[in-house]
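Visitor: Pasting the sequence and the predicted model now:
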Amino acid sequence: MFGIGMPELIIILIIILIIFGAGKLPEIGSGIGKGIKNFKKATNEAQKEIHEPKENSETETHDDKA
């Protein structure tokens, strides 16, 4: 996982726990989760916009020939 092993992850989590405290961790986790969700939604919308014009232009060319 990006060259980071389990001991390194545990040390990072302990440092985060010391800096932010146990009370803030759920808020931080939910914020990160919402950010990831929004990022995935934005990338999916961008992919749809890229593929939609192709489909619309194909139907327009078929309609023009008829």
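Guide: On my side now, so go ahead. Numbers count the residues shown, from 1 in each chain.

Visitor: what's around Ser30, how many residues?
Guide: 10 (other Cβ atoms under 10 Å). Yep, even glycine has a C-beta here, placed from its N, CA and C like the rest.

Visitor: I should have written Lys24 there, sorry.
Guide: 13.

Visitor: Same check on Leu25?
Guide: Leu25, neighbours per other Cβ under 10 Å, totals 13.

Visitor: Please give me every residue in contact with it.
Guide: By Cβ atoms under 8 Å, 6 or more residues apart in numbering, Leu25 lies in contact with 16-17.

Visitor: And the pLDDT at it?
Guide: pLDDT, Leu25: 84.

Visitor: distance of it from Leu9?
Guide: Taking Cβ to Cβ, to the nearest Å as the measure, Leu25 falls 15 Å from Leu9.

Visitor: Quick check: Lys24 vs Ile16, distance?
Guide: Distance from Lys24 to Ile16, by Cβ to Cβ: 9 Å.

Visitor: Please apply the same query to Leu25.
Guide: Taken as Cβ to Cβ, the span from Leu25 to Ile16 is 8 Å.

Visitor: Ok, Lys37 next?
Guide: Applying Cβ to Cβ to Lys37 and Ile16 gives a distance of 21 Å.

Visitor: who's more crowded, these two?
Guide: Between Lys37 and Ile16, Ile16 has the larger neighbour count (other Cβ under 10 Å), namely 13 against 10.

Visitor: So that one, which state does it fall into?
Guide: Three-state call for Ile16 (DSSP: H, G, I helix; E, B strand; the rest coil): helix.

Visitor: Next, the contact list for it, please.
Guide: By Cβ under 8 Å, 6+ apart, the neighbours of Ile16 are 25, 28.

Visitor: what pLDDT does it get?
Guide: 87.

Visitor: again, but for His51
Guide: Confidence score, pLDDT, at His51: 82.

Visitor: I'm done for today, thanks for sticking with me.
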